[in-house]
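Enquirer: missing the sequence, but the structure's below:
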């Protein structure tokens, strides 16, 4: 009787240790939060960079 309970408890502990379903979701959410934070912090610099790149593309497209 005691051996059976021990085996059931051991199996439950092993299932809990091996379960990793939610870890990927949490990691993805944390990565997205960090990326959104970086975009908000560097918004003006990113806007200036993108505008500069498009300006150069338009200038060079006129030469072709």
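Expert: Looks like it came in fine. Please read these numbers as outputs of a predicted model, since none were measured by experiment. Residues are numbered from 1 along each chain as shown.

Enquirer: hang on, isn't residue 46 packed against residue 39?
Expert: Yes - the pair residue 46 / residue 39 is scored as a contact, 6.7 Å apart, by Cβ atoms under 8 Å. Using the backbone N, CA and C atoms, a C-beta is placed for each residue, glycine as well.

Enquirer: and those two? Which one has more around it.
Expert: More crowded of residue 46 and residue 39, by other Cβ atoms under 10 Å: residue 46, with 13 against 10.

Enquirer: ok so, going back, any shared contact partners between residue 46 and residue 39?
Expert: In terms of Cβ atoms under 8 Å, 6 or more residues apart in numbering, residue 46 and residue 39 are not both contacted by any residue.

Enquirer: and whichever helix or strand residue 26 is part of, what does it pack onto?
Expert: Assessed by DSSP states H and E, residue 26 sits inside helix 21-41. Under the contact criterion of 3 or more Cβ pairs under 8 Å, 6 or more residues apart in numbering; DSSP states H and E, helix 21-41 touches no helix or strand at all.

Enquirer: gap between whatever helix or strand comes next after it and the chain center?
Expert: Next helix or strand after helix 21-41 toward the C-terminus (DSSP H and E): helix 43-63. Computed by Cα atoms, centre = their mean, to the nearest Å, the chain-centroid distance of helix 43-63 equals 28 Å.
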